[in-house]
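Sequence and predicted model, in that order:
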Amino acid sequence: MQRIGAFAQQLPEGNAVGILSNKNKTLPSLNDSGLTRRHFLRSSLVLAGLALLGGRLTWAEESSLVDLPFERGRRPLIAFPQKRPLMVMTTRPPQLETPFHIFNDHLLTPNDAFFVRWHLANIPTHVDINTFTLHIRGRVQRHLSFSMEELKRDFEQVELTAVCQCAGNSRGFFDPRVPGGQWGNGAMGNATWTGVRLRDLLQRAGLEANAVQVRFNGLDSPVASGTPDFRKSLDIEDALRKQVIVAYAMNGERLPLLNGYPLRLIVPGWYATYWIKMLNDIEVLSAVDEEFWMKRAYRLPADPCGCVEPGERPTSTIPLSRMTVRSFITNLQTGASIASNHPITVKGIAFDQGYGIDRVFVSVDGGQQWQSAKIGKDYGDFSFRPWEFRFIPVAGRTYQLQSFAVNRIGEAQRWHARWNPSGYLRNVVETLTLKAM
Amino acid sequence: MRCNPSLLKIYVILLLCGILPGGIIGNDHVKAESVSFPHDPATFQPGAGSSIASGYCTMCHSAEYVYMQPPHNRDQWAEIVDKMRHSFGCPIPDEHVSQLVDYLVSQNSLQFPAFSNRANMGSSSRKSEGGNPNDGRKLYSVHCVNCHGSGGKGDGPIGQALLPPPADLTAAGNKSDEELLKTIQKGRPGTAMPSWEHDLSAQDIDDLLAYLRVLSRQE
């Protein structure tokens, strides 16, 4: 069952990218009906009287706190520009986590609730669309630059729905704990992205024969001169995948500045580290990128599992790339009480690296018996896939709820959590304990 | 090109309702996006080595980066500090490294101070009680000189590496006491200037202010 072929397999050239031009395609509803989890969240909120600080945009007078279920997991809920209150992991540079109930309330994560993660603190707070330019340079036949207007006018517009997940999502649950951003499960989001294909841009510029990789840079920059600029590279064949797009819209609206306004690279199926925000520079390389963010950071043990024994160090590493299969129960929280003797609907989501979710199984007894969940609407192979499962709780019983997703090539979640020193690839089957009253 | 009027009507309605993505994406009503980020609340808890953390770590990131971490042992913190110095170019001098690592270990069990102290951070409109510029000069040479430079021009050895560059304090003559006190106490959002209110006493800050007045008069 554990076929983690995530590092060797090529994605099929499926029909994942829809063409927008001249089609009156409507975006799916942003508000899927369903249970909200606010009442669960509220129980874990602690009100704190926090005074106003100087400046126009400051911490709220009263800020709620959320406790993630691990040591030092307390996070204030604060509204950053263009954002609703999100869980602040760090203020500078901003790292904001989406409260988990959002994933139950919306299959497409609203822009103002979408998680935020920057590496470098010099983030432009103002971007002028009239002067903004995207450059293509390096090993190309023609160095090109595009205004936003030219991008929208001169290239086919495409749209797809894809999960954007931080490589470190769920790192806080690693045992033993590892250094890095201590995210819960909310460093992910699902959105419909609109833009132009990267490969159309590269073809316009004309790749030289010795092109090996394509490097991407955004407008953010380091504070200290010795800090490596945050740039990431894709192998040519990955950059030319037709699903890779340069997006100027997210869920039908401009990108929030904190999510990369005005342009963001979308690499469906791959972790968000490659989804360069405020993208303004595309450089075709004739040699493999040896910079810090490729050669030293975001690397996995060079092993099909991407893991080592807890506490050990890998002997060799490879760049992180494709996402593992995951599923979550979204409408229930561990420790909650449920009503007995009438059916309860367990709701959840599942996703993978883009083969698409095939089946989701649910167990209510801690994994002894499994039943198929009902798979919901298909928003595309790279999207969250909703699912539901109904059962009738018996009064007085304690239930151990688990969900287990399998994708179309048989990749599945792990029964036992893998461990690696950077806290990547978590996809273990999660367990919620519920008591029927 | 011929246009079917009824289809056009439907298109316009859909456009107005925001249902057609082309209606939003094709016409950027806003030609620029401008935001400002919340004030950085992060301060390191007072203790031996806290001023090293305030002076170097918060150049590039808020103190939350430390306080969100699970407890790390001394070797793990030493490795992190080493990474900050050698991979990220943090200019912490050799002689401060050991004390900084000790300080980080000492913070393992402490809650992020913003949760306990933030409430105290609001009322900043404190009047200077009058400081001693000579004492201020000593403090300046420890805490400020690396960024702001010996003459206050913002050209210290670290300051030259910062973007945005540190303030030119010789040009601070037109700033009120309240403005300068607030910047020292709270730091400046979105820049490497940290909050000093937990590392320096009220008297220290008054002394620094007095010395800043000397620097700005020298111009």
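Perfect, I can see it now. Residues are numbered from 1 along each chain as shown, chains lettered A, B, ... in the order given.

Can you name the residue of chain A nearest to chain B?
residue A:226 (1.7 Å; C-beta to the nearest C-beta). C-beta coordinates here come from the backbone N, C-alpha and C atoms, glycine included.

Can you name the secondary structure element that comes next after the strand or helix carrying residue A:135?
Per DSSP states H and E: residue A:135 is located in strand A:133-138. Under the assignment DSSP H and E, the closest C-terminal helix or strand after strand A:133-138 is strand A:144-147.

can you map out the helices along chain B?
B:5-16, B:21-25, B:50-52, B:58-60, B:64-67, B:74-86, B:94-106, B:113-117, B:133-139, B:145-148, B:177-186, B:202-217 (DSSP state H).

which of the ones you listed has the lowest average pLDDT?
Comparing mean pLDDT across the helices of chain B, the weakest is helix B:21-25, with a mean of 37.

how about the nearest residue to the spatially most central residue of chain A, chain neighbours excluded?
When C-alpha atoms, centre = their mean is applied to chain A, the residue found nearest the centroid is residue A:165 (1.6 Å). Nearest non-adjacent residue to residue A:165, counting by C-beta to C-beta, 6 or more residues apart in numbering or on different chains: residue A:188, 3.9 Å away.

got it, and residue B:129?
residue B:206 (5.5 Å).

Show me where chain A has its helices.
Using DSSP H, helices in chain A cover A:38-43, A:101-105, A:148-154, A:198-205, A:236-239, A:292-295.

Tell me which of those helices sits nearest to residue A:133.
Shortest distance between residue A:133 and these, using C-beta to C-beta, is found for helix A:148-154: 8.6 Å.

is it true that the residue of chain A closest to chain B touches residue B:90?
Yes. Counting by C-beta atoms under 8 Å, residue B:90 is a contact partner of residue A:226 at 7.3 Å.

what about the two, which has more around it?
residue B:90 (21 against 14; other C-beta atoms under 10 Å in any protein chain shown).

on that earlier part again, the nearest residue to the residue of chain A closest to chain B once chain neighbours are set aside: neighbour count?
Residue nearest to residue A:226 in three dimensions, not counting chain neighbours: residue B:89, with 1.7 Å by C-beta to C-beta, 6+ apart. Residue B:89: 16 surrounding residues under other C-beta under 10 Å.

Roughly how far does residue B:89 sit from residue B:56?
11 Å (C-beta to C-beta, to the nearest Å).

And residue A:268, by the same measure?
39 Å.

now residue A:189
Taken as C-beta to C-beta, the span from residue A:189 to residue B:56 is 33 Å.

the more surrounded of those two?
residue A:189 (27 against 24).

Where do the strands of the stretch 151-300 of chain A begin and end?
Secondary structure of the stretch 151-300 of chain A (DSSP state E, counting those that start in this stretch): strands at A:157-165, A:188-197, A:213-218, A:231-235, A:245-250, A:253-254, A:264-266, A:279-285, A:299-301.

Parallel or antiparallel, list what pairs with the longest one.
This points to strand A:188-197. Using DSSP bridges, the strands paired with strand A:188-197 in its sheet are strand A:157-165 (antiparallel), strand A:245-250 (antiparallel).

TSV for these, including mean pLDDT?
Listed next are the strands paired with strand A:188-197 as TSV, based on pLDDT from 0 to 100:
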stretch	mean pLDDT
strand A:157-165	98
strand A:245-250	98
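
List the buried residues for stretch B:144-159?
B:144, B:145, B:146, B:147, B:148, B:149, B:152, B:153, B:154, B:156, B:158, B:159 (16 or more other C-beta atoms under 10 Å in any protein chain shown).

Please list all residues in contact with the fourth one.
So the one you mean is residue B:147. Residues near residue B:147 by C-beta atoms under 8 Å, 6 or more residues apart in numbering or on different chains: B:55, B:59, B:154, B:156, B:158, B:159, B:162, B:166, B:192, B:193.

One more pass at 6 Å, please.
B:156, B:158, B:159, B:166 (C-beta atoms under 6 Å, 6 or more residues apart in numbering or on different chains).

For chain A, what's the nearest residue on chain B?
Closest point on chain B to chain A, by C-beta to the nearest C-beta, is residue B:89, at 1.7 Å.

so that residue touches residue A:224, yeah?
Yes. Residue B:89 is within contact range of residue A:224, at 5.0 Å (criterion: C-beta atoms under 6 Å).

related to what we said a few turns ago, residues in contact with the residue of chain B closest to chain A?
Here residue B:89 is in contact with A:224, A:226, A:227 (C-beta under 6 Å, 6+ apart).

and if you look at residue A:277?
Per C-beta under 6 Å, 6+ apart, neighbours of residue A:277: A:218, A:260, A:264.

which one of the residues you listed is nearest residue A:384?
residue A:264 (18.5 Å).

Give the bridge partners for that closest one, please.
Here residue A:264, judged by DSSP bridges, has bridge partners residue A:247.

What residues does it make contact with?
Applying C-beta under 6 Å, 6+ apart, the residues contacting residue A:264 are A:247, A:255, A:277.

And the last one, how far from residue A:418?
It stands for residue A:277. Applying C-beta to C-beta to residue A:277 and residue A:418 gives a distance of 28 Å.
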